[in-house]
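Q: what shape does this take:
(one chain, ligands or ions: 1)
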Amino acid sequence: MALPNIYIVACGGTIAGKAATEEDLTGYTAGAATIDEVLQAVPAVHQYARIRGEQFCSIDSSDMSEGLWLALAARVQELAGRDDVDGIVVTHGTDTMEETAYFLNLAVHTEKPVVFVGSMRPATAISADGPLNLLEAVQAAAQAETGRYGVVIVMNGTICSARFVEKTDTTHVDTFKSRQLGYIGLMQDGMPMFYQAPLRRHTYESGLSCSGCAALPTVVVAYAYVGMERWIESLVPQGVCGLVLAGFGHGRMPGAVWQSLQKAMKEGLVVVRASRTLGGAVTPVAEYEGTICADTLTPQKAKILLQLALLKTRDIHEIEEAFREY
Ligand SMILES: NC(=O)CC[C@H](N)C(=O)O
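A: I've put the predicted structure just below:
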């Protein structure tokens with residue numbers, strides 16, 4: 001049987017990181033190796049797929065930008081439409097991987113597998129995790145079934161939905177977890193094994209799009225802490241369409257901040273209440289009428305959903321609906 005065609009879109013990150021010594025696990029340069037160099041360490045990928053690819057960018061994912069997201073979404077959409085591409089693997093730094101993966105989960109419309117992968121140890125490290133992660137990402141992308149679950153992250157032998165995944169540890173290889181859904185599957189003996197599916201709309205079911213968009217609407221994230229009201233003036237700078245509050249507990253904030261946000265909301269600011277606790281859902285309460293609830297989305301993902309929703313509508317009820325659906 002012909003091998004599936006897997007296309008690798010390489011973005012840099014630690015999987016392409018180089019350090020001076022093999023013991024150096026943190027002081028390295030991310031994105032220093034090309035995808036060809038990274039692939040040389042994993043000759044086994046060629047047993048599972050015909051591999052082609054491109055160096056989309058070579059960055060530490062701290063430097064990922066909204067402009068690059070728009071270009072990446074357009075590129076992945078184009079690749080997904082090609083008959084000679086069966087699945088796409090995106091190599092990416094782990095620091096912002098969950099954000100890029102969620103952006104594509106909403107903005108790319110395809111039933112083909114789109115698999116994100118990275119590593120926690122640089123390519124030069126003793127026991128580097130990149131080669132096995134990349135092999136498993138290719139193996140997952142080679143199975144058409146993977147596309148049913150939207151964009152996924154395959155790392156450390158696990159498969160997580162882009163909607164539910166979070167990086168939970170600064171340096172350990174077992175960093176990607178999904179508090180609400182758990183892993184949707186495992187990689188075992190070269191095959192993805194799936195156990196559950198995300199119910200929120202994604203990829204082929206998504207009604208959101210960034211096609212033709214030159215820049216995303218400006219949305220800021222404000223982190224709640226005791227004393228935040230001292231910085232109230234800087235909370236809502238000029239030209240901001242939306243604000244996501246990483247609030248206390250169930251999406252709360254100091255009274256003075258709420259007063260100031262209410263004024264800004266009257267002038268059109270859309271406010272989403274998320275939580276800095278990173279567990280549980282934020283749901284509507286009378287006290288914060290007029291705000292949108294992030295549900296279980298982390299603040300950084302609520303920002304992405306708000307940006308894409310604002311491209312489509314300024315109607316607060318439609319935006320609320322999007323937060324229930326995606
Ligand atoms: N392990 C990683 O990939 C994190 C390193 C790097 N800061 C990046 O995100 O590109």
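
Q: find the closest residue to the ligand in the protein.
A: residue 93 (1.9 Å; Cβ to the nearest ligand atom). In this view, the C-beta of every residue, glycine as well, is placed from N, C-alpha and C.

Q: for that residue, grab the count of nearby residues.
A: The local packing of residue 93 (other Cβ atoms under 10 Å) involves 24 other residues.

Q: would you verify that residue 90 is located in a helix?
A: No. Going by DSSP: H, G, I helix; E, B strand; the rest coil, the assignment for residue 90 is strand, not a helix.

Q: that one contacts residue 108, correct?
A: No. Using Cβ atoms under 8 Å, residue 90 makes no contact with residue 108, being 10.4 Å away.

Q: intersection of neighbour lists for these two?
A: Residues within reach of residue 90 and of residue 108 at once, by Cβ atoms under 8 Å, 6 or more residues apart in numbering, are 76, 114.

Q: for residue 244, give me its contacts.
A: 219-222, 271-272, 274, 294, 299, 302-303, 306.

Q: what do you get for residue 251?
A: 245, 273-275, 282, 288, 291, 293-294 are the contacts of residue 251 under Cβ under 8 Å, 6+ apart.

Q: which parts of the least confident helix or strand in the chain by mean pLDDT are buried?
A: Among the helices and strands of the chain, helix 232-235 carries the lowest confidence by mean pLDDT, DSSP states H and E, at a mean of 82. For helix 232-235, a neighbour-count test (16 or more other Cβ atoms under 10 Å) marks residue 235 as buried.

Q: returning to that earlier point: do you know the pLDDT at the residue of the chain closest to the ligand?
A: Note for residue 93: predicted pLDDT of 97.

Q: wait, it touches residue 59, no?
A: Yes. In this structure, residue 93 is within contact of residue 59 by Cβ under 8 Å, at 7.2 Å.

Q: before we move on, the earlier item: how about the residue of the chain closest to the ligand, what does it touch?
A: 11-15, 30-31, 59-62, 64, 118.

Q: tell me which of these fall in helices.
A: Applying DSSP state H to those, no entry is found in helices.
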